[in-house]
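Student: Sequence plus the predicted model coming up.
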Amino acid sequence: MNVKDLESAFGGTTKKSRLSKPIEELLNKQIEGEFVSSQIYLGLAAWCDYVGYQGLAKYFYKHVGEERDHMMKHYEYMLDRNAMPKTPSCPAQNLTCTDLKDAIEKALAREIEVTNRYQVALPIAFDEGDQMTYEFLQWFIHEQREEEGVYLNWLDRLDVIGCDKKGMFFLDQEISKA
């Protein structure tokens, strides 16, 4: 049985989306952004694991799942609104860092990029008059504040304890408890 046979057996794919085309495009871009984030965190986790920063590796591995959960929230939201999400692709994320601080800075840079994506998306939803999507996206803005805060805090800690091997070791141990 091919796809066309399945479509006709289940009534085709002619559902009417409850989202405007600009909102669908916006949400699909957010799906892609969350997916790329999960892959970046996977690359960062693998690098940390490889060089011995087990605490940060554990945190980044957990974060891979959180980013995929964020992606799935977008899928579910779009499907609930009768819109078909697009499944993104992602180039390989072979990341290397110079040390623990560099890994944290790369994670923070990614979170800032994601925050900027949501800050661009929010007014589009507002201008489209799509209150549901606007409120949906606000959850992610709040989440981004927390995520950026974690990395900023760790960078502040490194400023206090120092970026020598001992300081990075102690911070990695602290991160393993997060």
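Tutor: Everything's here; your move. Numbers count the residues shown, from 1 in each chain.
Student: what's the first-to-last distance across stretch 125-137?
Tutor: 9 Å (Cα to Cα, to the nearest Å).
Student: Measure how far it is from the centre of its chain, please.
Tutor: Stretch 125-137 has its C-alpha centroid displaced from the chain centroid by 20 Å (Cα atoms, centre = their mean, to the nearest Å).
Student: Name the residues of it that are buried.
Tutor: Neighbour-count burial for stretch 125-137 flags 125, 128, 130, 133, 134, 136, 137 (criterion: 16 or more other Cβ atoms under 10 Å). All C-beta atoms are positioned from the backbone trio N, CA, C, and that covers glycine.
Student: Tell me where the model's unsure across the chain.
Tutor: Counting by pLDDT under 70, the chain has low-confidence residues at 1-14.
Student: quick one, strands of it?
Tutor: For the chain, applying DSSP state E gives no strands.
Student: Nearest residue to the middle of it?
Tutor: In the chain, the residue lying closest to the centroid (Cα atoms, centre = their mean) is residue 34, at 3.3 Å.
Student: Now do it against residue 80, distance only.
Tutor: Per Cβ to Cβ, to the nearest Å, residue 34 is found 17 Å from residue 80.
Student: go on, residue 161?
Tutor: Here residue 161 is placed at a distance of 46 Å from residue 80 (Cβ to Cβ).
Student: and those two? which has more neighbours close in?
Tutor: The neighbour comparison of residue 161 against residue 80 (other Cβ atoms under 10 Å) goes to residue 161, with 15 against 11.
Student: Hmm, the more buried one is touching residue 170, no?
Tutor: Yes - the pair residue 161 / residue 170 is scored as a contact, 6.1 Å apart, by Cβ atoms under 8 Å.
Student: Look at the closest residue to residue 154 other than its chain neighbours and say how many residues are nearby.
Tutor: Nearest residue to residue 154 in three dimensions, chain neighbours excluded: residue 104, at 5.2 Å (Cβ to Cβ, 6 or more residues apart in numbering). Using other Cβ under 10 Å, residue 104 has 28 neighbouring residues.
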